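Student: dropping a prediction and its sequence here:
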Amino acid sequence: MKTALVTGANKGIGFETAKQLLQQGFYVYIGCRDLEKGMQAVARLNTEGLNQVEAVQLDVTDQLSVAAARAAIGRKAGCLDVLINNAGISGGAPYTAIAASPEQFLAVFNTNVIGVARVTQAFLDLMQKAAHPRIVNVSSSVGSLTLQSDPAWPAYDYGKYAAYGASKAALNMYTVHLAYELRNTPFKVNAVCPGYTKTDFTGNNGGDVATAGRRIVKYALIDENGPNGRFFSEETHPGSGEIPW
């Protein structure tokens, strides 16, 4: 049975992604800062007959927490096939480049960029044991420098979240470098925007969470001919889904 780890998976898009991976036959580890909330998420999945799942305490901003999660999963799983780096924060208001505080920028980057690097590096050796390892970094179209600087883009006048957008642009660059460094291996590494989705993160505005989950899971399931080191947003670009960096 293939295994997957989804960070920030006790609710929202992360929870839905975990659910859909379970439906695809994976054994899924739900990573969450609050283990009790993770266990509640597992219980909800169990009520739907999805039992190959367990919660793991995992704070992506805490090296000791990440190391403990790696050790716990390593004791139970011979390898890790899929890593979904989903955990992320917006940083909160004020959102503008002029008003957002340095502390906001530090907090957002610590979770959305450094946290991804921390988790990826910790689990890379376990993933190297998988036949077809896949990494999906959950990004956002607001991290596209090309789109954000294009006055013709529909979100040009309202999609300005300085700390969050900057962190996702940095995450995209990390994705490019990671994919490059793993280019001659079985790994596939991509950045995926799930779209503006109705969750706590958006104040319950946006599209349905099932669609967002499918957009992520799609790139966890790609075969050896699938893309590597690319950026996808099916909401922004229906069809191929690929959008500019």
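Tutor: Nice, I can see it.

Student: contacts and neighbour counts: CA atoms only from here.
Tutor: Noted.

Student: ok, the spatially most central residue of the chain - contacts?
Tutor: By CA atoms, centre = their mean, the chain has its centre lying nearest to Asn86, at 2.4 Å. The contact partners of Asn86, taken as CA atoms under 8 Å, 6 or more residues apart in numbering, are 6-9, 13-14, 137-138.

Student: rerun that using 7 Å as the cut-off
Tutor: The neighbours of Asn86, taking CA atoms under 7 Å, 6 or more residues apart in numbering as the test, are 6-8, 14, 137-138.

Student: give the ChimeraX command for selecting the buried subset of those.
Tutor: Selection of buried members from the contacts of Asn86 for ChimeraX, criterion 16 or more other CA atoms under 10 Å:
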select :6,7,8,14,137,138
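
Student: residue ranges with poor pLDDT in the protein?
Tutor: 198, 200, 202-203, 205-207 (pLDDT under 70).

Student: ok, longest helix in it?
Tutor: helix 162-181 (DSSP state H).

Student: next SSE after it?
Tutor: strand 188-192 (DSSP states H and E).

Student: who does that following strand touch, helix- and strand-wise?
Tutor: strand 134-138, helix 162-181, strand 231-232 (3 or more CA pairs under 7 Å, 6 or more residues apart in numbering; DSSP states H and E).

Student: now those in a markdown table, with distance to Ile73?
Tutor: Shown next, in a markdown table, are the helices and strands packed on strand 188-192 (distance: least, CA to CA, whole Å):
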| stretch | distance to Ile73 |
| --- | --- |
| strand 134-138 | 17 |
| helix 162-181 | 22 |
| strand 231-232 | 29 |
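
Student: re the thing from before, measure the residue nearest to the centre of the chain to Cys193 for me?
Tutor: Using CA to CA, to the nearest Å, one gets 10 Å for the distance from Asn86 to Cys193.

Student: for Ala77, state which of the contacts of Asn86 is nearest.
Tutor: Proximity of the contacts of Asn86 to Ala77 (CA to CA) peaks at Val6, which lies at 14.8 Å.

Student: bridged to the residue nearest to that closest one when sequence neighbours are not counted, which residues?
Tutor: Distances taken as CA to CA, 6 or more residues apart in numbering place Ile84 nearest to Val6, at 4.7 Å, with adjacent residues excluded. Residues in a beta bridge with Ile84, per DSSP bridges, are Val6, Val136.

Student: Ile84 and Ala9 touch, don't they?
Tutor: No: counting by CA atoms under 7 Å, Ile84 does not reach Ala9; the two are 9.5 Å apart.

Student: can you give me the strands in this structure?
Tutor: 3-7, 27-32, 53-57, 82-85, 134-138, 188-192, 231-232 (DSSP state E).

Student: how far out from the middle of the chain is the shortest one?
Tutor: This means strand 231-232. 13 Å (CA atoms, centre = their mean, to the nearest Å).

Student: and the contacts of it?
Tutor: So strand 231-232 is in contact with 190-193, 241-243, 245, going by CA under 7 Å, 6+ apart.

Student: quick check: PyMOL command selecting the buried ones in the residues you listed.
Tutor: To isolate in PyMOL the members of these that are buried, counting by 16+ other CA under 10 Å, one can use:
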select buried, resi 190+191+192+193+242+243+245
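
Student: nearest to Asn228, of the contacts of strand 231-232?
Tutor: So of these, ranked by how close each gets to Asn228 (CA to CA), first place is Asn190, at 5.8 Å.

Student: contacting residues for that closest one?
Tutor: 135-137, 175, 228-231.

Student: can you list these in a markdown table and add distance to Asn110?
Tutor: Formatted as a markdown table, the contacts of Asn190 follow (distance: CA to CA, whole Å):
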| residue | distance to Asn110 |
| --- | --- |
| Ile135 | 19 |
| Val136 | 18 |
| Asn137 | 15 |
| Thr175 | 16 |
| Asn228 | 25 |
| Gly229 | 22 |
| Arg230 | 23 |
| Phe231 | 21 |
